[in-house]
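# Need coordinates for the following:
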Amino acid sequence: MKSNSLIEIDRAHLIHPVSAYRAHERKGATVLTSGDGMYLTDSQGHRLLDAFAGLWCVNIGYGQESVVEAAAEQMRRLPYATGYFGFANEPAIRLAEKLVELSPPGLDRVYFSLGGSDAIDGAVRFIVHYWNARGLPSKKQMIALDKGYHGSSTTGAGLTGLPAFHRQFDVPLAWQHHIPAPYAYRDPQGRDGEALIAASVAELRAKVEALGVDNVAAFFAEPIQGSGGVVVPPVGWLRAMRETCTELDILFVADEVITGFGRTGPMFACEAEGVTPDLMTLAKGLTAGYAPMGAVLMTEAVYATIADGPDNHLPIGHGQTYSGHPVSAAVGLEVLRLYTEGGILANGQARSVRFGERLGELAAHPLVGDVRQRGLLAAIELVADKSTKARFDPALGLADRLTATAWSNGLIFRAFADGSIGLAPALSCSVDDMEVLLARLTRTLDAVLDQPDVRSAIVDP
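Numbers count the residues shown, from 1 in each chain. Next up, the predicted model:
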């Protein structure tokens, strides 16, 4: 079918996630047709280096044949198996075992979802059940971070701390609360390091005190905030928040949907600070985007409290038709093998060194106010005035300019609405791929700088 026909059908029928519907209809979709390694090709034959791994997820690159074969073999053998009625399937069992082996110590139980948003929903339901089973039914309030992202479902959208996911959806709900993000570049008091960590701990304590310690159930946090602009907290922040939650007797939930599976360096970001959360949500890199799947991992203590609670002879009423889907699980097993035995995790760690060095050099670019990076996860925040950190006037449409200019240079990244650039290249990125990425990124920044209205908006230091 010709791409023009596909674009018209898309306009007429397909609802796209997180988009302005009428604006999308006017512009029309870009139809992607194939992928190979770090590259995507659209229906016009335009070949682009994907520096965002799809949506933070294609960590192993496109076209890994062993993953395709694993999925095909499992579809031939057993394309579906329910987890209800005591049934199970080998790939799901093996994948649960492997996740326990690779995750922070103590996370011994695994529930499979279809993705990150419903992993968050599952975590919320497990948390509510946990406190009821402990005989503390007043503990229902939950706290997250401004600029955090915990999905766009009915429940998760309210825990998410981004206005776009609240607007017209009547969230946050009454039991959902937020404290400031550990965002050093824009901290109103200029705090960083230990001072910023202390401020976050104090904010959490104050919020719990205001709500009442007997009413607070859990604190949700990404180790690094992805969709909020890749906000990288100071080293030690995660451990401090974990310890504070333990002291206050509230559950600590690490949302590693984006940061998991080598994105920040280690297999899981929690590893870097020796943190074991009470619950951990996963998705994206679990299957590297090759099939839908997410997971909730929990400690034995959380699981046992639920399992041994009142009326424990009755079913725990949480489940999904496709939980532990055998094809997705087979894909996940092969993806995990590629991270470990296939060397992709180590490759990502090696590539992150050059990535960080070159991004650090870009901090001197006239458009750049701040660079944030951990592993192969980064943001470049653009400003009109480096001294005051003032952003560009929204009327300039900087995000659209960045996207269009990058496209013309054969590059895909995420341009946030505030003018920041998000980068998350595949962990399988080669030395040559990294150099192409960095060259095209630099060329894009230079080209946007050369646009007269952008250049005139810059305040010289």
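
# immediately after the strand or helix carrying N4, which helix or strand?
According to DSSP states H and E, N4 maps onto helix 3-13. Proceeding N to C from helix 3-13, the next assigned helix or strand is helix 21-27, under DSSP H and E.

# following that following helix, which helix or strand comes up?
Following helix 21-27 toward the C-terminus (DSSP H and E): strand 32-36.

# List the buried residues of the very next helix or strand once past that next one.
Under the assignment DSSP H and E, the closest C-terminal helix or strand after strand 32-36 is strand 39-42. Buried residues in strand 39-42, counted by 16 or more other Cβ atoms under 10 Å: 39-40, 42. The way it works is simple: take the backbone N, C-alpha and C, and place the C-beta from them, glycine included.

# now the helices: where do they sit in the stretch 201-350 of the chain?
237-248, 300-307, 326-340, 344-362 (DSSP state H, counting those that start in this stretch).

# Give me the distance from the longest one to the chain's centre.
Spelled out, that is helix 344-362. 19 Å (Cα atoms, centre = their mean, to the nearest Å).

# Show the secondary-structure elements that that helix is packed against.
With contacts taken as 3 or more Cβ pairs under 8 Å, 6 or more residues apart in numbering; DSSP states H and E, helix 344-362 sits against strand 368-374, strand 377-382, helix 431-449.

# Of all the ones you listed, which one is nearest R26?
helix 431-449 (23.0 Å; Cβ to Cβ).

# Please list all residues in contact with T155.
Contact analysis of T155 by Cβ atoms under 8 Å, 6 or more residues apart in numbering lists 120-121, 124, 173.

# Revised request: answer the last question for T246.
Contacts of T246 by Cβ under 8 Å, 6+ apart are F252.

# Please tell me how far it sits from A218.
Using Cβ to Cβ, to the nearest Å, we find T246 at a distance of 12 Å from A218.

# Which parts of the stretch 51-200 of the chain are helices?
All helices of the stretch 51-200 of the chain, identified by DSSP H, counting those that start in this stretch, fall at 53-56, 65-77, 90-102, 116-133, 156-159, 193-211.

# hey, which of those is tucked in deepest?
Neighbour counts (mean count of other Cβ atoms under 10 Å) averaged over each of the helices of the stretch 51-200 of the chain peak at helix 156-159, with a mean of 26.

# Can you tell me what sits against that one?
117, 120-121, 124, 142, 144, 148, 150-151, 165-166, 169, 171-173, 176, 220.

# pretty sure G274 is touching R239, no?
Yes: counting by Cβ atoms under 8 Å, R239 is a contact partner of G274 at 6.9 Å.

# These two: who's more crowded?
Neighbour totals were compared for G274 and R239, and R239 leads with 15 against 11 (other Cβ atoms under 10 Å).

# Can you tell me the closest non-neighbouring residue to that one?
What sits nearest to R239 in space, not counting adjacent residues and going by Cβ to Cβ, 6 or more residues apart in numbering, is E273, at 4.3 Å.

# can you check A378 too?
Nearest residue to A378 in three dimensions, chain neighbours excluded: L423, at 4.5 Å (Cβ to Cβ, 6+ apart).

# list the contacts for the one you found?
Applying Cβ under 8 Å, 6+ apart, we find L423 in contact with 51-52, 359, 376-380, 413-414, 441.

# Let me see the backbone angles for it.
Backbone torsions of L423, given as degrees, to the nearest 10, read phi -130, psi 140.

# In which helix or strand does T403 reside?
helix 398-408.

# mean confidence for that helix?
Helix 398-408 shows an average pLDDT of 97 in the prediction.

# and that helix, what other elements does it pack with?
Contacts defined by 3+ Cβ pairs under 8 Å, 6+ apart place helix 398-408 against strand 414-415, helix 431-449.

# Pull the residues that contact the longest one.
Helix 431-449 has contacts (Cβ under 8 Å, 6+ apart) with 37-38, 49, 51, 351, 354-355, 358, 362, 365-368, 380, 398, 401-402, 405-406, 408-411, 413, 421, 423, 425, 429, 454-455, 458.

# Would you mark the buried spots in the next helix or strand after it?
Downstream of helix 431-449, the first helix or strand assigned by DSSP H and E is helix 452-457. Burial within helix 452-457, assessed by neighbour count using 16+ other Cβ under 10 Å, is assigned to 454, 457.

# wait, what's in contact with D214?
136, 138-139.

# out of the helices and strands packed on helix 344-362, nearest to E334?
With Cβ to Cβ, the closest approach to E334 among the helices and strands packed on helix 344-362 belongs to helix 431-449: 21.9 Å.

# And the average pLDDT for that closest one is what?
On average, helix 431-449 scores 98.

# Buried residues of that helix, list them for me.
By neighbour count with 16+ other Cβ under 10 Å, helix 431-449 contains the buried residues 433-434, 436-438, 440-441, 443-445, 447-448.
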